[in-house]
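**Student:** Predicted model and sequence follow; I will ask about them next.
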Amino acid sequence: MKLVVLDGYTLNPGDLDWQPLAELGEFHCYDRSSPDEVLARAQGARVLLTNKTVLNRETLKALPELEYIGVLATGTNVVDLAAASELGIKVTNVPGYGPDAVAQMVFAHILHHTQRLADHHNAVVSGAWSQSPDFCFTLAPLQSLKGKVLGLVGFGDIGAQVATIALAFQMQVLVNTRSPKQGLPDGVRWCEREELFAEADIISLHCPLTSDTEQLINRERLLAMKPSAILINTARGGLVDERALADALRAGEIAAAGVDVLSTEPPSDDNPLLSAVNISISPHNAWATLEARQNLLAIAVANLKGFLAGKPQHLVN
């Protein structure tokens with residue numbers, strides 16, 4: 001059985017072991033595959049693994065021996081699922097491999113803005129503290145998270161993990177989902193979206209990108225937020241109207257933003273958030289702790305073993 005990983009570098013830049021996959025067949029692994037390289041590398045493969053390499057209808061039709069696609073991520077938009085189903089190709093994904101990693105990045109962005117650690121570090125090494133007449137040096141007031149209201153749009157595994165951390169900081173947590181949530185933890189309350197945007201000091205997005213949520217954060221929603229509010233997006237870049245967010249930050253209509261995802265990745269030079277003020281941007285790596293990647297690989301191996309044993313799991317088509 002020929003097994004091909006089309007773009008393994010994102011998952012494994014060299015600190016994980018491919019051996020559990022290599023043991024399952026004739027193993028070929030490429031760090032990256034351009035669109036022009038996919039067909040040649042995938043020819044004769046019964047199994048393909050992809051993270052972000054696109055497998056469209058035309059490509060799938062040209063691979064008659066292909067039986068299984070394992071997506072090395074949760075999102076499956078890189079695979080034409082309808083075409084795969086028509087061609088009898090099973091497709092699996094890897095859900096829930098690292099909610100703690102993403103939740104950790106949410107608070108990295110929050111603390112970046114409330115503690116201003118990077119700003120103070122830069123001021124110290126540039127000599128500002130040495131030249132200060134005071135024994136402690138502060139560029140601007142720091143903010144305590146205790147008592148602040150955190151609004152979560154979406155409440156899956158990641159949102160729930162974020163809420164747990166927020167409660168440890170003694171924050172109040174508001175949740176909005178498509179339908180009211182019952183049985184929420186103490187200190188967490190479901191509310192309508194309008195209340196969440198009006199009351200939250202920090203809003204964190206944890207919902208999927210759909211036709212209903214595309215540009216959920218737009219000019220109107222930004223104006224509904226507190227001028228002191230912080231927006232965090234570790235979900236999908238398309239949830240945010242990036243021009244509207246950049247304008248709102250420049251105008252002081254909200255205080256700050258932290259994002260791990262952009263509408264186009266990598267971003268083009270003219271993405272308005274690259275020149276926005278009071279924003280922190282991480283390069284879509286919230287998911288990529290060593291521990292989360294180890295877990296992702298283990299689940300991907302289990303998915304493939306399940307398929308080979310006739311007991312597929314995490315099927316998405």
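**Tutor:** Sure, I can see it.

**Student:** Quick one: low-confidence residue ranges for this structure.
**Tutor:** Across the chain, nothing is flagged by pLDDT under 70.

**Student:** all strands of it, in order?
**Tutor:** Applying DSSP state E to the chain gives strands spanning 2-5, 26-29, 47-50, 68-71, 90-92, 149-153, 172-176, 188-190, 202-205, 230-233, 256-259, 279-281.

**Student:** which residues are contacting the fourth one?
**Tutor:** The one in question is strand 68-71. Outside strand 68-71, the residues within contact range by C-beta atoms under 8 Å, 6 or more residues apart in numbering are 46-51, 55, 78-79, 84, 89-94, 300, 303-304, 307, 316. C-beta here means a position set from N, CA and C on the backbone, and glycine is covered the same way.

**Student:** start to end distance for stretch 219-230?
**Tutor:** 15 Å (C-alpha to C-alpha, to the nearest Å).

**Student:** residues in contact with it?
**Tutor:** 110, 113-114, 194, 197-198, 200-203, 231, 241, 244-245, 247-248, 252-258.

**Student:** just the buried members of the residues you listed?
**Tutor:** 110, 113-114, 197, 200-203, 231, 241, 244-245, 248, 253-258 (16 or more other C-beta atoms under 10 Å).

**Student:** Do you have the helices of the stretch 51-200 of the chain handy? List them.
**Tutor:** Taking DSSP state H, counting those that start in this stretch, the helices of the stretch 51-200 of the chain run over residues 57-61, 81-86, 99-115, 117-125, 157-168, 193-199.

**Student:** which secondary structure elements does the second one contact?
**Tutor:** In terms of contacts (3 or more C-beta pairs under 8 Å, 6 or more residues apart in numbering; DSSP states H and E), helix 81-86 is packed against helix 57-61, strand 90-92.

**Student:** and what of the first one?
**Tutor:** Under the contact criterion of 3+ C-beta pairs under 8 Å, 6+ apart, helix 57-61 touches helix 35-42, helix 81-86.

**Student:** Off-centre distance for the first one?
**Tutor:** In other words, helix 35-42. In terms of C-alpha atoms, centre = their mean, to the nearest Å, the centre of helix 35-42 is found 27 Å from the chain centre.

**Student:** Next: the shortest one.
**Tutor:** Helix 81-86 sits 26 Å away from the centroid of its parent chain (C-alpha atoms, centre = their mean).

**Student:** quick one: residue 300 and residue 49 touch, right?
**Tutor:** Yes. Counting by C-beta atoms under 8 Å, residue 300 does reach residue 49; the two are 6.8 Å apart.

**Student:** so what sits against both of the two?
**Tutor:** 21, 70, 72.

**Student:** I'd like the residues you listed laid out as CSV, including distance to residue 133 and neighbour count.
**Tutor:** Output for these, formatted as CSV (distance: C-beta to C-beta, whole Å; neighbours: other C-beta atoms under 10 Å):
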residue, distance to residue 133, neighbour count
21, 61, 22
70, 62, 25
72, 55, 25
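
**Student:** so can I have JSON lines of the residues you listed showing distance to residue 41?
**Tutor:** Formatted as JSON lines, those follow (distance: C-beta to C-beta, whole Å):
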{"residue": "21", "distance to residue 41": "16"}
{"residue": "70", "distance to residue 41": "15"}
{"residue": "72", "distance to residue 41": "16"}
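
**Student:** which one among these gets closest to residue 174?
**Tutor:** Closest approach between the shared contacts of residue 300 and residue 49 and residue 174, by C-beta to C-beta: residue 72, at 33.8 Å.

**Student:** ok, now which ones touch the closest one?
**Tutor:** Residue 72 neighbours (C-beta under 8 Å, 6+ apart): 5, 8, 10-11, 49-51, 94, 296-297, 300.

**Student:** Highest neighbour count among these?
**Tutor:** residue 5 (27 neighbours; other C-beta atoms under 10 Å).

**Student:** contacting residues around that residue?
**Tutor:** 18, 21, 27-30, 49-50, 72.

**Student:** give me the beta-bridge partners of it?
**Tutor:** Beta-bridge pairing for residue 5 (DSSP bridges): residue 29, residue 49.
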